[in-house]
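1. Mind folding the following:
(one chain, ligands or ions: 1)
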Amino acid sequence: MTTVARISWLEIDKYYNLLRSQKKDSKIWEFLEKYPISRNDFKELVKRGWKVSKELEYDFGRLDRKNLKILIRKDLIPGYERDVTLFHEIGHIFYENIDNSLSESENEIIVEWTARKARTNHILLRNAINCFGLEPAIYDLPSCRAYTKIRSKSLENIFTKTMMEDLVIN
Ligand SMILES: [Zn+2]
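-> A predicted model of the protein is given here:
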């Protein structure tokens, strides 16, 4: 990932749509529609040995394909940037080599657009974070929806247990 992480959604969306009209014969568009990132993909990547490793100094993320590592910046705390970076690098794994006529910056736009879209799906977000054993973070509506059910359920369990104990004591 180069500098796309710093570009606003409106601009990413604008570049993406421009690219779609300029390169409408590229096979990437049909591929993206046919194979959107799905929750099975995360499981499959982990099964194949992919891991997330926090070891970068400056870049947000990068792939170490040889060692099956999704490299993420060391100081990226669990939150929006960490999550988009994860989806971005996963996007590179799946979509980077579909159309070799696309330039590096064109690939960056496509992968970033796909990553931000996919991350807004709370089920995908939860699955990605869980599959790679990362710490969940709540910072917006999708991330809240991704983890709220789990949180309220565990609270409910603790509460029920306490009430039962109280009943026994009385
Ligand atoms: Zn990238």
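2. quick one, helices of the protein?
-> For the chain, the helices identified by DSSP state H occupy 9-22, 28-34, 39-47, 80-95, 104-119, 122-131, 141-169, in order along the chain.
3. Could you export those helices as JSON lines, including distance to the ion?
-> All C-beta spots, glycine's among them, are computed from the backbone N, C-alpha and C. Output for the helices of the chain, formatted as JSON lines (distance: least, Cβ to the ion, whole Å):
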{"stretch": "helix 9-22", "distance to the ion": "12"}
{"stretch": "helix 28-34", "distance to the ion": "15"}
{"stretch": "helix 39-47", "distance to the ion": "16"}
{"stretch": "helix 80-95", "distance to the ion": "6"}
{"stretch": "helix 104-119", "distance to the ion": "5"}
{"stretch": "helix 122-131", "distance to the ion": "16"}
{"stretch": "helix 141-169", "distance to the ion": "21"}
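4. Go ahead and flag the most central residue of the protein.
-> What sits nearest the mean C-alpha location of the chain, by Cα atoms, centre = their mean, is Phe87, with 2.7 Å.
5. quick one: contacts for the residue lying closest to that residue once chain neighbours are set aside?
-> Leaving aside its chain neighbours, Phe87 sits nearest to Ala115 (3.7 Å; criterion: Cβ to Cβ, 6 or more residues apart in numbering). With contact taken as Cβ atoms under 8 Å, 6 or more residues apart in numbering, Ala115 is in contact with 84, 87-88, 90-91.
6. make it 6 Å
-> With contact set as Cβ atoms under 6 Å, 6 or more residues apart in numbering, Ala115 has these partners: 84, 87-88, 91.
7. what's the neighbour count on Glu135?
-> Using other Cβ atoms under 10 Å, Glu135 has 9 other residues around it.
8. Kindly apply the preceding question to Ser105 instead.
-> Other residues within reach of Ser105, judged by other Cβ under 10 Å, total 13.
9. got a pLDDT number for the nearest residue in space to Gly79 that is not next to it in sequence?
-> Spatial nearest neighbour of Gly79, excluding adjacent residues (Cβ to Cβ, 6+ apart): Ala137 at 4.7 Å. Here the pLDDT value assigned to Ala137 is 96.
10. I'd like the distance between Ala137 and Asp99.
-> Between Ala137 and Asp99 the distance, using Cβ to Cβ, to the nearest Å, works out to 33 Å.
11. do Thr3 as well
-> If you go by Cβ to Cβ, the gap between Thr3 and Asp99 works out to 22 Å.
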